[in-house]
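Novice: Coordinates only, no sequence provided:
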């Protein structure tokens, strides 16, 4: 088998990255342009650059533009978080919810509504973010108990235990409070439409920090993929590398799910597609996953607007329709993906 020169491989990966960036721009334009009201591209451009206060301008600027921005933010965050989770747990069926982040956010939001009567989304998303942080710290702490520290198996087991416990507590709380039940049902479905645009600048710094930490974690994750003993022999400190990855997963997933709800399958599907394009090198896998996550989420949202026109299907439903068959095919593969 002929080895591919490193320079040619790098150019190939850069071309794919450029193609994904262009495709992301394309679905972004489509997301702003497509909807119940037909607005031609010149009308979209005019609404963005020279608004005159028409109905078309209001639809583009007040509804579609924030919706698209939330889709880009959540898709990028969940895509990269999924790649990190699968890398750190070495589990091809893992997604960001495996470490308890999703259920932690849900429990804190429901608890804030039940105990404090919080009803404003701009307030209880911060409880959700705090819950995601506490849950991930609890999982990492439980997974580190013992002499071996946090390992892929102990992290997966601790995450499953914490998620199950929190899910049971959530079920108990929503049965006692109608308001908490209504919010939880809406949050559980997942959506990027109807979100307050003022939430974007509040969560954007956390997403950017999470992306920075993820890219910083990539070299260490490459070494960990060789095995923890090999990583230690090469001078890599396993504990701090795991902690850095979990911090990034918490920031990315916590931000996305607190604002947009439990958007399933993005963190599961995207890393597999990205890995097929980039190979196992996380320095390329993570950016690919971020772009593919945004493409998948916005593409599913656009499809939901088209198939049910003049109404629409929520993006969470469309992701389930797309992700369900993918998950079944992944499980039924004769040769499971090795990470």
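Specialist: Cool, got the structure. Given the structure is predicted, the values throughout are model-derived calculations rather than measurements.

Novice: For the helix or strand where residue 247 lies, could you pull out the residues that count as buried?
Specialist: Per DSSP states H and E: residue 247 is located in helix 238-260. Judged by neighbour count (16 or more other Cβ atoms under 10 Å), helix 238-260 contains these buried residues: 238, 241-260. Quick note: C-beta positions are derived from backbone N, CA and C, even for glycine.

Novice: Spatially nearest residue to residue 248 (excluding sequence neighbours)?
Specialist: residue 213 (3.8 Å; Cβ to Cβ, 6 or more residues apart in numbering).

Novice: And what about that neighbour, helix, strand or coil?
Specialist: helix (DSSP: H, G, I helix; E, B strand; the rest coil).

Novice: can you give me the helices in the chain?
Specialist: Remark: helices assigned in the chain by DSSP state H are 6-33, 41-49, 55-58, 65-89, 101-116, 121-143, 152-176, 178-189, 200-224, 228-233, 238-260, 266-278, 282-307, 315-331.

Novice: buried stuff in the helix or strand of the chain with the lowest mean pLDDT?
Specialist: Ranked by mean pLDDT, DSSP states H and E, the helix or strand of the chain with the weakest confidence is helix 178-189, at a mean of 77. Buried residues in helix 178-189, counting neighbours by 16+ other Cβ under 10 Å, are found at 180, 181, 183, 184, 187, 189.

Novice: got the angle for that helix vs helix 238-260?
Specialist: 110 degrees (axes from the mean of the first three to the mean of the last three Cα atoms, to 10 degrees).

Novice: give me the low-pLDDT residue ranges for the stretch 151-300 of the chain?
Specialist: The model of the stretch 151-300 of the chain has no residue with pLDDT under 70.

Novice: Touching, residue 225 and residue 283? I think so.
Specialist: No: counting by Cβ atoms under 8 Å, residue 225 sits too far from residue 283 to count as a contact (12.0 Å).

Novice: And those two? Which one has more around it.
Specialist: residue 225 (17 against 13; other Cβ atoms under 10 Å).

Novice: coming back round to it: could you list every helix and strand that the helix holding residue 247 packs against?
Specialist: helix 65-89, helix 101-116, helix 121-143, helix 200-224, helix 228-233 (3 or more Cβ pairs under 8 Å, 6 or more residues apart in numbering; DSSP states H and E).

Novice: Okay, buried residues for the shortest one please.
Specialist: Along helix 228-233, these residues count as buried under the neighbour rule (16+ other Cβ under 10 Å): 228, 231.

Novice: Pretty sure residue 94 sits against residue 156.
Specialist: Yes: using Cβ under 8 Å, residue 94 makes contact with residue 156 at a distance of 7.0 Å.

Novice: With neighbour numbers in mind, choose between these two.
Specialist: residue 94 (24 against 21).

Novice: Model confidence score at the more buried one, please.
Specialist: For residue 94, the model assigns a pLDDT of 81.

Novice: Return the distance of it relative to residue 317.
Specialist: Taken as Cβ to Cβ, to the nearest Å, the spacing of residue 94 relative to residue 317 amounts to 23 Å.

Novice: If you drop the residues flanking it in sequence, what lies closest to the residue nearest to the spatial centre of the chain?
Specialist: Centroid-nearest residue in the chain, with Cα atoms, centre = their mean: residue 78, separated by 1.2 Å. The shortest distance from residue 78 to any non-neighbouring residue, by Cβ to Cβ, 6+ apart, is to residue 266 (4.2 Å).
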